[in-house]
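Student: Provide a 3D model corresponding to the input given below.
(2 chains)
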Amino acid sequence: MREFKHAIVIGASSGIGAELVKLLASRGTRVAAVARRADRLAQMAISLGSNVLPVEHDVTHYDEVPALFQKIAQELGGLDLVIYVAGVMPPVGPHEYDFAKDKQMIEVNVLGAIAWLDQAAIRFENTRHGSIVAVGSVAGDRGRSGQPVYNASKAALTTYMEALRNRLAKLGVSVVTIKPGPTATEMTAALHMKMMPPEKVAEFILKKADKTGEHYVKAAHRVAFAVIRNTPSAIFRRLKI
Amino acid sequence: MKLLARTTPALPAERITRISGFGTRSSADGYLYRPTEVHEIRHIFDLAKQTGREVVLRGAGRSYGDANIADEAIILDITRMKRILNWDKQSGIIECEAGATIEDLWRTCIEDGYWPPVVSGTMYPTLAGALAMNIHGKNNFCQGTLGEHVTELDVLFPTGDLKTLTPKDDLLYAVIGSAGLLGVITRVKMQMKKIHSGDTEVLPVFCRNWDDQFATFESFEHDADYLVSWIDCFGRGANSGRGQIHVGWYTHESSDLPASLRPEHQDLPDTILGRFPKATVWRILRRFNNRLGMRLINTAKNTASKLLGDRKMHPQSLVGFSFLLDYVPNWRNAYLPGGFIQYQSFVPKERAREVFGKLIEMQQDAGLEAFLGVLKRHRPDKFLLTHAVDGYSLALDFKVTDKNWPRIEKLCHQMNDVVLAAGGRFYFAKDSTMRPSDARAYLGDSLNRFQELKKHLDPEGLLTSKLAERLQLFG
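Tutor: You can find the predicted model right below:
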C-alpha cells in the first residue's frame, strides 16, 4: 500500500470520511479534514492530534474552493491525495418529487465533487503525480425507483471520474472510484438493512487509493452489479431492487 | 482549532508544477514564474507577499539536492533572463543577465580567445545559480571559485532594493554562495580568461592507491591548469583510492589555434565510442546501474587506465575536457526511479588522505559503494558560506532507492561526523543529507552573520528552500 504524505478528505466529519481521517492521521499522513460541522472537526483535531488540519467549509460554496484548495495544500506542505466523500441522501418517498431535496443531492454529491476534484485534476495534471478518489455508490449503477436523483447523482459522479481517469491516468495520476454498498453511516441511518462498518470501507479506500479504476468494496457486489448493469431495461423495471 | 482563511487570493492554478533537484531524489510542488525583466521579479515578490507564500530561486536546476526546491512556494525561475548585455573583447569582460548559462558565456567569447575562468562539469548552469552556489571547477586550487572572477553584479532583494555590488563590497561575499537565500542575482559582469587555443593538453595518470593520488596531485598542483581524479570506490585495502588523474593545461602552441577557437570545433560528438547515439546511452547505462554492473565498469575503467595511454599526453577540446557530464544527455535517468545523491566533502590537506580512506571504507562496509568518485584540489576563499578549504574534496555518487535510503542517510551522517572532526566542510549545491548541527558545526559564526543579513535584507523571510528549512539556516 502506498504511503501518502499529504491528503485532503472532503466530507470528513462523520462516517467513512471521519474514518479516513483517523486512518490517515494514524499512519503519519498530514490530512486536512474538510466539513461543514465545525464542532465535530474541533473534536477530531483534539483527539487525533497535529496531523489533522480541520477546515470548516460547506461544499455548496463552490466559489471558495480554488483559494481554499491552494491554501490547504500550502498549510499541509504538499498534496498527493484528495478524497471526496461528502454526500447526502435525504429520505425520499416512493411518490415524492421534492426539488429542494433533489437540488441538494446534485449540489453536494455532484457539483461539490466537481468543484473540488477539478482543482485536484488541475494540480495533479501539472505536477504529474497524485491520487484522486471519489466515493460513488453501487446506487449509481442503475436508475432505481426508490432514489431517482441520488442514483443520478452517483452515476454522474462515476461518469465524471471515468472522464478524469481517461485524461489523467496516462500522466501518472491515479483516479479511483470507490463503490461501497450500504454502509453504516448517518446518511443511511434510516435504512434497515445489513450495513458495512465505515472503518472497513475506509481501509479499503486507502488500499485502493493508488489503483486507478473503479472498485466495488465487496467482491459479491462486483459480480452482482455486473449482472444488474447488464440487465435489459425492460426486465430491470419489473424487478423489485 | 485552526480554520483557514477563505479570502486568501488564489494563484493561477495551472502554474503549479513539480520540480526536483538534479539528483531527482528530492522534489516539491510550487507555482512557476519565469520573469524576463527585473520589474517582473519585483511583481513576483509582491505576489508572494499578497498570497502569503515564500519564494524559491531556481536557475537551471542543477543543484543535486534540495537547494532549488521548496514546497508550495512560488518558483522564481531565472532561465529566461539570459541576454548578453555587453562583450568587450579587448578587456575580456562580459556583462549579461544572470540567467545566461556557462554555455552562453563560452559560445559568446571563445572565438575572441576567451574562456570562462571557472566552469562546472556541465555547461548548463545559469550564472545566477552558479554564483548562488559559488561553483568551483577542476582549477579551484589555482583559480578559486567563480565568484572570485565577478567584477560587478546586481542583486534584487525581497525588499525591492536593487543593489550593484563589486568586490569592494563586503555584501558581495555574502550574496555569492548564499544559495539564493538573500536576493536574486539579476546581472553579472565577469572577467573571462584569455586563451590562445580552444584545446587543452591532457595527461592521464593512473594511480594505484591514495598515496599515489595525493603524491600525483602534489607534484602537479604548482604547474597544472586543471586537476581532477576519478576514484574507483570499489577498491579495497591496498587498492583503496585507485583511479586516474587527469592533468590539464591550456594549449599555447599549436598549428591550428584559430580553428580550435571556433565553436564547431568545441561541440561534443553526437555518438559515444563512435557508435551509440548519445540520446540512447543512458538506457544502456541503466542496465549496468547496479552494484555488480558498476563494480565491473569501475574495474574495466581501472584496467583501461592502467594499460591504455597512461601518462601519454593528448589534446582535447576545452569543452570536451571541461564538460564531462554533458557527454551523455539525461544520464541521471539511469538512476531512476529513486534518483541519486552526491555526497561531497571538503577536507584540509593534512587530513584528506586519512579521512577519504576512511569514507571509502565506511561506504564499502555498509555495502553502499558509490558508483562514481571524484577527487579535486581546492583553496580557501573569503565568501561567507564557503565550502572551500586548503585541501581536497571527494564527491561520491550514491544510487538511491526507497529501500536503501535509510541506510544511505545513516551512512552519510556517520561520514559527516568523520569529516567535521577533521575540520571539513560541505557544499550546498550537492548536499542532501546534512543535519542542522552539521551545518552549524562547519559554518560557525558565519552562520550567525548570515542570519543577521537575512533579517536585514529579507525581513519578511520571503526567500527559502528545502535545504534552508532542513538545515534550519534561518535559526
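Student: near chain B, which residues of chain A?
Tutor: Residues of chain A found near chain B (C-beta under 8 Å from any C-beta of the partner chain) are A:38, A:41-42, A:45-46, A:53-57, A:64, A:66-75, A:77-79, A:119, A:122-123, A:126-129. To be clear about C-beta, it is placed using only N, CA and C from the backbone, and glycine gets the same treatment.
Student: in helices, which of the residues you listed appear?
Tutor: Counting by DSSP state H, those place A:38, A:41-42, A:45-46, A:66-75, A:119, A:122-123, A:126-127 in helices.
Student: report the buried members of those residues.
Tutor: The neighbour-count criterion (16 or more other C-beta atoms under 10 Å in any protein chain shown) marks A:41, A:45, A:66-74, A:119, A:122-123, A:126-127 among those as buried.
Student: these two touch, right, B:P436 and B:Q472?
Tutor: Yes: B:P436 is in contact with B:Q472 according to C-beta atoms under 8 Å; the separation is 4.2 Å.
Student: report the set of residues contacting both of these two.
Tutor: Residues touching both B:P436 and B:Q472 (C-beta atoms under 8 Å, 6 or more residues apart in numbering or on different chains): there are none.
Student: low-confidence ranges, chain A, go.
Tutor: Where chain A drops to pLDDT under 70, the residues are A:1.
Student: give the next helix or strand downstream of the lengthiest helix in it.
Tutor: The helix that spans the most residues within chain A, counting by DSSP H, is helix A:148-168. Counting by DSSP states H and E, the next helix or strand C-terminal to helix A:148-168 is strand A:174-179.
Student: quick one: contacts of the helix or strand just after that next one?
Tutor: Later in the chain than strand A:174-179, the nearest helix or strand by DSSP H and E is helix A:198-208. Helix A:198-208 is touched from outside by A:1, A:15-16, A:18-20, A:22-24, A:83, A:133, A:135, A:176, A:178, A:180, A:183-185, A:215, A:217, with contacts defined as C-beta under 8 Å, 6+ apart.
Student: filter these to the buried ones?
Tutor: A:15-16, A:18-20, A:22-24, A:83, A:133, A:135, A:176, A:178, A:180, A:183-185, A:215, A:217.
Student: show me the contacts of helix A:198-208 that map onto strands.
Tutor: A:I83, A:V133, A:V135, A:V176, A:I178, A:H215 (DSSP state E).
Student: for those, work out which two are farthest apart.
Tutor: Across those, the longest distance by C-beta to C-beta is 13.1 Å; it joins A:I83 and A:H215.
Student: residues contacting A:V149?
Tutor: By C-beta under 8 Å, 6+ apart, the neighbours of A:V149 are A:V92, A:K101, A:D102, A:M105, A:I106.
Student: mind redoing it with 7 Å?
Tutor: Neighbour list for A:V149: A:D102, A:M105, A:I106 [criterion: C-beta atoms under 7 Å, 6 or more residues apart in numbering or on different chains].
Student: ok, those vs chain B, which is closest?
Tutor: A:I106 (23.2 Å; C-beta to the nearest C-beta).
Student: if you skip the residues just before and after it, what's nearest to that closest one?
Tutor: Using C-beta to C-beta, 6 or more residues apart in numbering or on different chains and skipping residues adjacent in sequence, the residue nearest A:I106 is A:S153, 5.6 Å away.
Student: and for that neighbour, the neighbour number?
Tutor: 28 (other C-beta atoms under 10 Å in any protein chain shown).
Student: over to the one 4 residues further on?
Tutor: Residue neighbour count, defined by other C-beta under 10 Å, stands at 24 for A:L157.
Student: now the end-to-end length of stretch A:209-229.
Tutor: With C-alpha to C-alpha, to the nearest Å as the measure, stretch A:209-229 spans 24 Å from end to end.
Student: for it, buried residues please.
Tutor: For stretch A:209-229, by 16+ other C-beta under 10 Å, it's A:A209, A:D210, A:T212, A:E214, A:H215, A:Y216, A:V217, A:K218, A:H221, A:A224, A:F225, A:I228.
Student: who touches the first one in this structure?
Tutor: So that's A:A209. A:L81, A:S131, A:V133, A:S174, A:V176.
Student: got it, and the last one?
Tutor: Contact analysis of A:I228 by C-beta under 7 Å, 6+ apart lists A:D141, A:R142.
Student: which element is it on?
Tutor: A:I228 belongs to helix A:219-230, assigned by DSSP H and E.
Student: once you drop chain neighbours, what's closest to B:A174?
Tutor: B:L384 (4.4 Å).
Student: nothing else from me, thank you.
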